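Novice: Pasting the sequence and the predicted model now:
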Amino acid sequence: MDLILLAINAILVKNILLMQYLGNCPFLGTSKRMETALGMGMAVIFTLTLATTITWVVHRAVLVPFKLQYMQTIAFILVIAALVQFVEIFMKKTLPALYLSLGIFLPLITTNCAVFGAALLSVKNDYDFVHMVVFAMASATGFALALVLFAGLRERFRVAHIPGALQDTAIGLITAGLMSLAFLGFKGMT
């Protein structure tokens, strides 16, 4: 039961994107088309889950036993950067159309603070392995959910009459703020 509550908490109540404000660059950059948002969401789910798992193992198996916790930031960044390179090579070979549509935003997963933040939060919250995996998958799912919902709204902007001064980024930021307020309503579930 606590795993289900942890998942609901990470997806809705403490959404890594809308409540903790981590990962805003790809949120705004890849949400103009639903296909790109879905692809980025899947890439983040895979990368965030795997990166959090690997960084948790590195923290528990290397950093803590050798009292190297002060190296945590650099170790996590190196793990995430290597993993993103692997994901990029994999997508380039297997999904070339998606790879081209994501463009610069795929390598930017390396610097996506949502991935790094989830790794840090899993260590900070001192989760065991199972709870950490559930937290990572749920955080990534929450990121993808917010990204896809936002992409759906932004696609509707194409046919809506929006004043010139509010088009594109301005209306996107306003909508993101309203989405954050909507997700704030889930706070009562805790």
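Specialist: Sure, I can see it.

Novice: Just want the phi and psi numbers for Arg158.
Specialist: phi -60, psi -30 (degrees, to the nearest 10).

Novice: Actually, Pro65.
Specialist: The phi/psi pair for Pro65 (degrees, to the nearest 10) is phi -60, psi -30.

Novice: Tell me how many other residues crowd it.
Specialist: 8 (other C-beta atoms under 10 Å). C-betas here are computed from N, CA, C, even on glycine.

Novice: can I assume His131 is in contact with Ile4?
Specialist: No - counting by C-beta atoms under 8 Å, His131 sits too far from Ile4 to count as a contact (11.7 Å).

Novice: Just want to know which of these two has more residues nearby.
Specialist: Between His131 and Ile4, His131 has the larger neighbour count (other C-beta under 10 Å), namely 15 against 10.

Novice: Do a quick rundown of the helices in this protein.
Specialist: 2-8, 24-29, 34-58, 72-94, 96-102, 113-124, 129-157, 169-184 (DSSP state H).

Novice: outside of the fourth one, which residues touch it?
Specialist: Contacts to helix 72-94, defined as C-beta atoms under 8 Å, 6 or more residues apart in numbering, come from residues 43, 46-47, 50-51, 54-55, 58-59, 62-63, 68, 98-99, 102, 106-107, 109-110, 115-116, 119-120, 123.

Novice: Just the buried positions in it, please.
Specialist: Gln72, Ala75, Phe76, Ile77, Val79, Ile80, Leu83, Val84, Val87, Glu88, Met91 (16 or more other C-beta atoms under 10 Å).

Novice: Can you find the helix or strand of the chain with the lowest average pLDDT?
Specialist: helix 96-102 (a mean of 82; mean pLDDT, DSSP states H and E).

Novice: elements contacting it?
Specialist: If you count contacts as 3 or more C-beta pairs under 8 Å, 6 or more residues apart in numbering; DSSP states H and E, helix 96-102 packs onto helix 34-58, helix 72-94.

Novice: quick one, the first one and helix 113-124 angle?
Specialist: It stands for helix 34-58. 30 degrees (axes from the mean of the first three to the mean of the last three C-alpha atoms, to 10 degrees).

Novice: Give me the helices and strands touching helix 34-58, please.
Specialist: Using 3+ C-beta pairs under 8 Å, 6+ apart: helix 34-58 touches helix 72-94, helix 96-102, helix 113-124, helix 129-157.

Novice: tell me the angle of it relative to helix 72-94?
Specialist: Using the same axes, to 10 degrees: helix 34-58 against helix 72-94 is 140 degrees.

Novice: mean confidence score for helix 34-58?
Specialist: In this model, helix 34-58 has a mean pLDDT of 91.

Novice: All set now, cheers.
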